[in-house]
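Q: how would this look folded up:
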Amino acid sequence: MPPRRPLPARRLIALLCTVLWAGQASAQEGFRFDPSDLGTRISGTPITVDGSLLGDPSKITSPFDIVLPTSDAGWVARMDTAPSSGLVKFVFTSPEGQFVEALSFAQAQVPAGETTRRLEQFGAAISRDLVPGLLAQDPNAAPPRIRRIGIGRLEGVELFGTYNHASEGEVLWRYVGLLDPFSRNALIALAQVSRNRVVISGPEALDRSLSGQALASVSLKN
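A: Here you go, the predicted structure:
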């Protein structure tokens, strides 16, 4: 059976605008984590996200590798290979189950063409079709910022900002769209970081977070 076609970005709203973590505890007390305490290198667990991991080869058209940060610093890393939406979700919590960070992946397609044009289209689709659903929970959230980024050999576009979550408080977020240079396939990642749990200067520093370090390790299997 050939792989199913990835969903176009406009149909990903429900896939990535999901709850942070169903098991999270009160946001007002307990665990707090400073990424700068870990230095510049963090050990991690290599994971290949492919049909074997997901239990169905038809679920994914662009398998990828990712390194999930692991440490004795106190956080707990969980992987959900059958989330309610999207391909896979990685969640970092305190030992008591308090939400720290989350990183979700879904797939999309971007028309073939010159890279800059593809990234412009990709960023516009994410801004139009995904960001409003995420920020609907906070009518006062500021519009996102957008920039072009590179992760390894992959070209991408990033939209980022903050919103206030009903129970967790201020959350830093970033959508990252990564192009498969050899096809119309693409990955979309959504990272969400609790400002109550993670000591971080702002959304521009999200690459220092646990989800940011995991995202920086992504490489396609082709």
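
Q: contacts only, for V76.
A: When the contact criterion is C-beta atoms under 8 Å, 6 or more residues apart in numbering, the partners of V76 are F92, T93, S94, P95. Bear in mind the C-beta positions are built from the backbone N, C-alpha and C, glycine included.

Q: CSV for those residues, including distance to S36?
A: Conversion of the contacts of V76 to CSV gives the following (distance: C-beta to C-beta, whole Å):
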residue, distance to S36
F92, 16
T93, 20
S94, 18
P95, 21
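
Q: from those, which is closest to F122?
A: Distance to F122, by C-beta to C-beta, is smallest for F92 among the contacts of V76, at 26.5 Å.

Q: for the residue positioned nearest the centre of the chain, grab phi and psi.
A: The residue lying closest to the centre of the chain (C-alpha atoms, centre = their mean) is L190, at 2.9 Å. In terms of degrees, to the nearest 10, the main-chain angles of L190 are phi -120, psi 120.

Q: now it, which residues is it bridged with?
A: Using DSSP bridges, the bridge partners assigned to L190 are S104, Y175.

Q: so it sits right up against Y175, yeah?
A: Yes: using C-beta atoms under 8 Å, L190 is in contact with Y175, at 5.6 Å.

Q: which residues in the chain form helices?
A: Secondary structure of the chain by DSSP state H: the helices cover 13-16, 51-54, 115-129, 131-135, 210-216.

Q: now the first one: average pLDDT?
A: When you say that, I think you mean helix 13-16. Confidence for helix 13-16, expressed as mean pLDDT, is 40.

Q: what do you get for the longest one?
A: Along helix 115-129, the predicted local confidence has a mean pLDDT of 96.

Q: show me what it is packed against.
A: For helix 115-129, the packing partners by 3 or more C-beta pairs under 8 Å, 6 or more residues apart in numbering; DSSP states H and E come out as strand 145-151, strand 154-165, strand 169-179.

Q: just the angle between that helix and strand 145-151, please?
A: 130 degrees (axes from the mean of the first three to the mean of the last three C-alpha atoms, to 10 degrees).

Q: output helix 115-129 as PDB - backbone C-alpha positions only.
A: Presented in PDB, the C-alpha positions along helix 115-129 are these (Å, rounded to 0.1, in the frame of the first residue of the first chain):
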ATOM      1  CA  THR A 115      13.400  27.300  -1.800                       C
ATOM      2  CA  THR A 116      12.800  30.900  -0.800                       C
ATOM      3  CA  ARG A 117       9.300  30.800  -2.500                       C
ATOM      4  CA  ARG A 118       8.500  27.500  -0.800                       C
ATOM      5  CA  LEU A 119       9.400  28.900   2.600                       C
ATOM      6  CA  GLU A 120       7.300  32.000   2.000                       C
ATOM      7  CA  GLN A 121       4.300  29.800   1.100                       C
ATOM      8  CA  PHE A 122       5.000  27.600   4.100                       C
ATOM      9  CA  GLY A 123       5.200  30.400   6.500                       C
ATOM     10  CA  ALA A 124       2.100  32.100   5.200                       C
ATOM     11  CA  ALA A 125       0.200  28.800   5.500                       C
ATOM     12  CA  ILE A 126       1.300  28.300   9.100                       C
ATOM     13  CA  SER A 127       0.500  31.900  10.000                       C
ATOM     14  CA  ARG A 128      -3.000  31.700   8.300                       C
ATOM     15  CA  ASP A 129      -4.100  28.200   9.200                       C
END
